[in-house]
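# Take a look and give me a structure for this.
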Amino acid sequence: AVTLLSLVPDALLLNRLGDNPALTGASTSLEDQLDLISGIGESRLVSTLLTFVAVTMLNALLIVPVSEAVLGRRMDAGAMWRRARGRVLAALGLALLVGLITVLAVVVVLVPGVVALVAGANDVGAVLLIAGVAGAVVVLFLLYTRWSLAAPALVLENASITTAMRRSWRIVRGSTWRVFGILLLAGIIVSIGQAVVTVPIGLL
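Residues are numbered from 1 along each chain as shown. Down below sits the predicted model:
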């Protein structure tokens with residue numbers, strides 16, 4: 001559904017780029033190239049936002065029947081919606097807050113290297129930037145894994161956003177690598193399934 005909804009704005013924006021000289025090879029000016037890049041970025045903006053909202057809502061909704069399935073019980077779509085609909089907005093807020101904190105944390109570890117490079121200390125800046133990139137990878141790994149169960153806590157325990165984040169951090173602590181491995185495997189499986197659906201439609 002998200003892919004189909006994204007087709008119209010994608011087609012309109014990409015159609016505007018059809019006469020771009022950089023795309024047709026008639027020009028290699030920086031202005032035309034920047035216009036082409038910005039246009040492609042704009043064409044992906046709508047689908048990115050729709051995907052974010054859809055995935056966040058699905059995560060909140062599907063947590064309920066999965067939790068019931070663990071207990072051997074089945075749940076239809078209507079019952080799932082009635083039980084989880086009150087937590088959908090909170091789930092969106094949780095996703096936004098986690099994303100914002102993650103971005104800020106990555107920026108913080110990268111800033112020293114960038115500042116040093118801007119100040120002209122190239123050697124020190126390069127070292128700090130390399131260390132910052134390594135630190136950013138660690139931060140992303142840690143936050144992504146430790147907060148991976150915040151959404152289930154938010155929905156199943158009817159917890160607040162901050163309480164759900166703290167609860168997830170406590171649950172995952174001590175099993176970080178195992179949880180990361182599960183998330184990685186699940187992500188690969190989902191990506192393959194998603195590609196099967198979205199790639200043919202995207203090509204059309």
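# Any figure for the gap between the residue most central in space within the chain and Leu96?
Against the mean C-alpha coordinate of the chain, by C-alpha atoms, centre = their mean, the closest residue is Phe52 at 6.6 Å. Applying C-beta to C-beta, to the nearest Å, the value for Phe52 to Leu96 is 9 Å. C-beta: built from backbone N, CA, C; applies to glycine.
# What strand or helix carries the residue nearest to Ala150 when sequence neighbours are not counted?
With C-beta to C-beta, 6 or more residues apart in numbering as the criterion, Ala150 has its nearest non-adjacent residue at 4.0 Å, and that residue is Ser168. Assigned by DSSP states H and E, Ser168 belongs to helix 161-172.
# Just the buried residues of whichever helix or strand comes after that helix, please?
Going down the chain from helix 161-172, the next helix or strand is helix 176-203, by DSSP H and E. Neighbour counts over helix 176-203 (16 or more other C-beta atoms under 10 Å) mark 179-180, 198 as buried.
# for stretch 47-59, same thing?
Of the residues in stretch 47-59, 47, 50-51, 56-57, 59 count as buried by neighbour count, 16+ other C-beta under 10 Å.
# Report all helices and strands that the host helix or strand of Ala79 contacts.
Ala79 is part of helix 77-84 when elements are defined by DSSP H and E. Contacts defined by 3 or more C-beta pairs under 8 Å, 6 or more residues apart in numbering; DSSP states H and E place helix 77-84 against helix 30-70.
# By mean pLDDT, which helix or strand of the protein comes out lowest?
Least confident helix or strand of the chain, by mean pLDDT, DSSP states H and E, is helix 21-24 with a mean of 64.
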